[in-house]
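S.K.: No letters, just coordinates:
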């Protein structure tokens, strides 16, 4: 390619915003800018159809694999001799939580398509092909674990196990993939790209608070998800003296308070969350018979994360003893912290600065597909600011100038990686 | 009547058990001895039809009032001159919680029918008529407040307000009464009986622990129900530092722990329960945006109950401030403690002892229709033991010998009150 030409190329923010808006129409949450496209749902299928159609329109060779990951390779953009080299891959995911915004995941995928369109219109070629992909069930809101598609792509979970996973609504991954028509022929694990770069919104308040335009992501926090089932004794709320109770509801509440105490005690960057807590029979005048609680623990240091898990286990033993309740736990997900490729991280930083962006190195507090791809190839991430740190919420927002800057940094990083 | 004849009369436990079993078939919870007949549901309608049919078969004059209370007066059992005197009323309720047992409420109603049958077969007459009734929505599991039917019967709530109450499933009392055909012509408030005696299972562990056969109930604890709505900020569980969170789930859990602390601090007989706690969106990796929590506080001393309510309010103010969440409260029910008629309480005690029963005076920890009827006439209650103190649970159980003793005490108390 001509460095000169390539270095001056910029994406069209209008085309990018148009695609983000069109995708957000699918599963749109009325009265908001957000959307709900839980993995393998009908809305997810419609979103997949829209984005896959765009890939085809842009001349990408689209491959759907056995877990529903979709990767489009742009060979025409590569120089003749290089069209069979491993591509430089970008992308993310297009599934959302039940209360999703329009940028999370979608930005990285649609920025990739916009970059392909920009290069095609400019007639720029690269030594290696470029590719754009989206991975299945990144959110984990319907099926645990999250990042399922990229986990299977990277060989971290056997395909058969993944297809057999049952969701919160009783649906099974394999059945749902068949239903929406996205159980494809491409094999899992998938082929290793030359490199992978994921553009994503920060989903946290750090960049905005620091007044920084581009986050240079050095790695990803470790994540530990545990489902806790508490079995107590259902009883009359008025006649059972406090000393004789085995209240699953109280035990569940005490657990949620402990998670907060644990995070405070271990200190930042430790975070701990009880996002789901369900009681049965859940009636005002009945002491709860049982409770189902999820615990989400994250830290950049795997040793500290292991300490947090150990303390959680010890606390649950004490709680079961003190309250006379039965407590069982089930691991829903466990990922060690990930360190990205120093060379690609440096490239993201230097490229962003050349483009006049302010930068800050930081770890990702959220799990991302990039942490799975990092098992296969040189990988890094680019963050854009999230207003108010809000995400997983229809109010999620990033200014278009920041989206544009992030996409242009991705464009230039891809060009340099593709040679 | 002939004291001799009346004093020797005993009910038939087999007939009573047969009726309890037949009623438990309606809304039966498979694989248990329990049943689910939420107020004004189809199962409740079927239960009402069965019991009302039994009343008619026994020759009672059945009156259904505007809130669905059903009272059957047995005039034939009264001496000619007394057939227009205010009757001596017994009874309770036949609605249940979602996880109900077969005795709660049903015992007091069906024991009354068994007593009428016993007297009729023996040809015993009394100066005053006897009556057996069941009151609507005593449990409050579908429509708040609980004890709704007896509250309206006693004039404690305007009929129009009661008919407009919306249930947890969005149904409206008046509509449901019309649907099941139990919005009757008898006026509310209803006529004052000469006296009211309610036989009921204890629903607590006190009698069993003390090895006592009959509980002589001196009054009912005061009850305070509050619905607490907590509005926080939905956010990403991995990227939001703990210090920046407004976690409605944590606030809800902290409230449930506070209720336990409050009950411990104020000490027995104070009881406090969070039986219902719901989070939204209730997802593992999303900080909860909102929570809906119920608080049930009870004490025999209205002053202490008021202190508990005041401390709850103060705690919620501090919690809202500390967590940066919005907290609103809605009173669901508030009943002051009730003291029963000393004369009737003494009569229950002396009668039980004459029948060779061991007795213990105690307050009721649960709300009962008797506390509403106490506004209209001399009232008392008779408790039978609850195995393990378990109630509002299909495992609820009282030995048949204890049911028989309780029904015989009720029989003799009614005969003496009816003269």
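M.R.: Received it, and whenever you're ready, just let me know what you need. Because the structure is a prediction, the values reported are computed rather than measured. Residues are numbered from 1 along each chain as shown, chains lettered A, B, ... in the order given.
S.K.: which residues of the stretch 1-150 of chain A fall in strands?
M.R.: A:61-64, A:70-74, A:88-92, A:130-134 (DSSP state E, counting those that start in this stretch).
S.K.: Out of those strands, which is closest to residue A:361?
M.R.: strand A:88-92 (20.1 Å; CB to CB). The C-beta positions use only the backbone N, C-alpha and C, and glycine is treated the same way.
S.K.: Quick one: neighbours of residue A:310, just the number.
M.R.: 10 (other CB atoms under 10 Å in any protein chain shown).
S.K.: So, low pLDDT: which residues of chain A?
M.R.: Within chain A, the segments meeting pLDDT under 70 span A:1-5.
S.K.: Let's verify the residue lying farthest from the centre of it: helix, strand, or coil?
M.R.: In terms of distance from the mean C-alpha position of chain A, residue A:239 ranks first, at 47.8 Å (CA atoms, centre = their mean). Under the three-state scheme (DSSP: H, G, I helix; E, B strand; the rest coil), residue A:239 adopts coil.
S.K.: now the one 10 residues further on
M.R.: For residue A:249, the reduced secondary structure class is helix; criterion used: three-state DSSP.
S.K.: ok, it - contacts?
M.R.: By CB atoms under 8 Å, 6 or more residues apart in numbering or on different chains, the residues touching residue A:249 are A:232, A:279, A:287-288, A:291, B:256, B:273-275, B:277.
S.K.: Chain B versus the closest residue to residue A:297 other than its chain neighbours, what's the distance?
M.R.: Leaving out its chain neighbours, the residue that sits closest to residue A:297 by CB to CB, 6 or more residues apart in numbering or on different chains is residue A:224, at 4.5 Å. Here residue A:224 is placed at a distance of 11 Å from chain B (CB to the nearest CB, to the nearest Å).
S.K.: tell me which element residue A:224 is part of?
M.R.: According to DSSP states H and E, residue A:224 maps onto strand A:222-231.
S.K.: what comes into contact with the following helix or strand past that strand?
M.R.: For strand A:222-231, the following helix or strand on the C-terminal side (DSSP H and E) is strand A:235-236. If you take CB under 8 Å, 6+ apart as the criterion, strand A:235-236 is touched by A:245, A:285-287, B:203-204, B:365-366, B:389-393.
S.K.: could these be laid out in JSON lines, adding distance to residue A:113 and neighbour count?
M.R.: Listed next are those as JSON lines, based on distance: CB to CB, whole Å; neighbours: other CB atoms under 10 Å in any protein chain shown:
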{"residue": "A:245", "distance to residue A:113": "58", "neighbour count": "24"}
{"residue": "A:285", "distance to residue A:113": "56", "neighbour count": "25"}
{"residue": "A:286", "distance to residue A:113": "54", "neighbour count": "28"}
{"residue": "A:287", "distance to residue A:113": "55", "neighbour count": "29"}
{"residue": "B:203", "distance to residue A:113": "65", "neighbour count": "26"}
{"residue": "B:204", "distance to residue A:113": "66", "neighbour count": "27"}
{"residue": "B:365", "distance to residue A:113": "65", "neighbour count": "24"}
{"residue": "B:366", "distance to residue A:113": "64", "neighbour count": "26"}
{"residue": "B:389", "distance to residue A:113": "65", "neighbour count": "24"}
{"residue": "B:390", "distance to residue A:113": "62", "neighbour count": "23"}
{"residue": "B:391", "distance to residue A:113": "62", "neighbour count": "29"}
{"residue": "B:392", "distance to residue A:113": "58", "neighbour count": "31"}
{"residue": "B:393", "distance to residue A:113": "58", "neighbour count": "25"}
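S.K.: Let me see the contact set for residue A:289.
M.R.: Per CB under 8 Å, 6+ apart, neighbours of residue A:289: A:231-234, A:248, A:280-281, B:99, B:393.
S.K.: repeat that for 7 Å
M.R.: A:232-234, A:248, A:280-281 (CB atoms under 7 Å, 6 or more residues apart in numbering or on different chains).
S.K.: Is residue A:210 in contact with residue A:360, as I believe?
M.R.: Yes. Assessed by CB atoms under 7 Å, residue A:210 is found in contact with residue A:360 at 5.8 Å.
S.K.: I'd like the distance between the residue nearest to residue A:297 and residue B:204.
M.R.: The spacing between residue A:224 and residue B:204, counted by CB to CB, to the nearest Å, is 41 Å.
S.K.: what's the helix ranked longest in chain A in contact with?
M.R.: Criterion DSSP state H: the longest helix present in chain A is helix A:302-323. By CB under 7 Å, 6+ apart, the residues outside helix A:302-323 that reach it are A:222, A:224, A:226, A:228, A:246-247, A:250-251, A:254-255, A:258, A:262, A:266, A:270, A:295, A:297, A:299, A:326-327, A:329, A:336-337.
S.K.: Please apply the same query to stretch A:145-161.
M.R.: The contact list for stretch A:145-161 (CB under 7 Å, 6+ apart) reads A:65-69, A:135-140, A:162, A:188-190, A:332-333, A:367, A:369, A:372-373, A:375-376, B:285.
S.K.: what is residue A:132 paired to in the beta sheet?
M.R.: Taking DSSP bridges as the rule, residue A:132 bridges to residue A:72, residue A:90.
S.K.: neighbours of it, just the number please.
M.R.: Count around residue A:132 with other CB under 10 Å applied: 30.
S.K.: Test my guess that it contacts residue A:117.
M.R.: No. With contact defined as CB under 7 Å, residue A:132 does not count as touching residue A:117 (10.6 Å).
S.K.: out of residue A:210 and residue A:360, which sits in the busier spot?
M.R.: Using other CB under 10 Å as the criterion, residue A:210 and residue A:360 rank with residue A:360 on top: 18 against 13.
S.K.: who touches that one in this structure?
M.R.: The contact partners of residue A:360, taken as CB under 7 Å, 6+ apart, are A:207, A:210, A:212, A:215-216.
S.K.: Following element in sequence after the helix or strand hosting it, please.
M.R.: Secondary structure from DSSP H and E places residue A:360 in strand A:359-364. Scanning forward in sequence from strand A:359-364 by DSSP H and E, the next helix or strand is helix A:370-373.
S.K.: Could you list the residues in contact with that next one?
M.R.: By CB under 7 Å, 6+ apart, helix A:370-373 touches A:147, A:150-151, A:153-154, A:156, A:196, A:198, A:220, A:335, A:338, A:379, A:381.
S.K.: which of the residues you listed sit farthest apart?
M.R.: It's A:156 and A:381 that sit farthest apart of the contacts of helix A:370-373, by CB to CB, at 18.1 Å.
S.K.: Settle it for me: which of these two has more neighbours?
M.R.: Higher neighbour count among residue A:156 and residue A:381: residue A:381, with 29 against 17, using other CB under 10 Å.
S.K.: what's the closest non-adjacent residue to that one?
M.R.: residue A:217 (3.7 Å).
S.K.: Correct me if wrong: that neighbour contacts residue A:379.
M.R.: No. Using CB under 7 Å, residue A:217 and residue A:379 do not qualify as a contacting pair, with a distance of 9.7 Å.
S.K.: Now the common contact residues for these two.
M.R.: residue A:340.
S.K.: How much space separates the residue of the stretch 301-419 of chain A found nearest chain B from residue B:232?
M.R.: Residue nearest to chain B within the stretch 301-419 of chain A: residue A:365 (3.5 Å; CB to the nearest CB). Applying CB to CB, the value for residue A:365 to residue B:232 is 19 Å.
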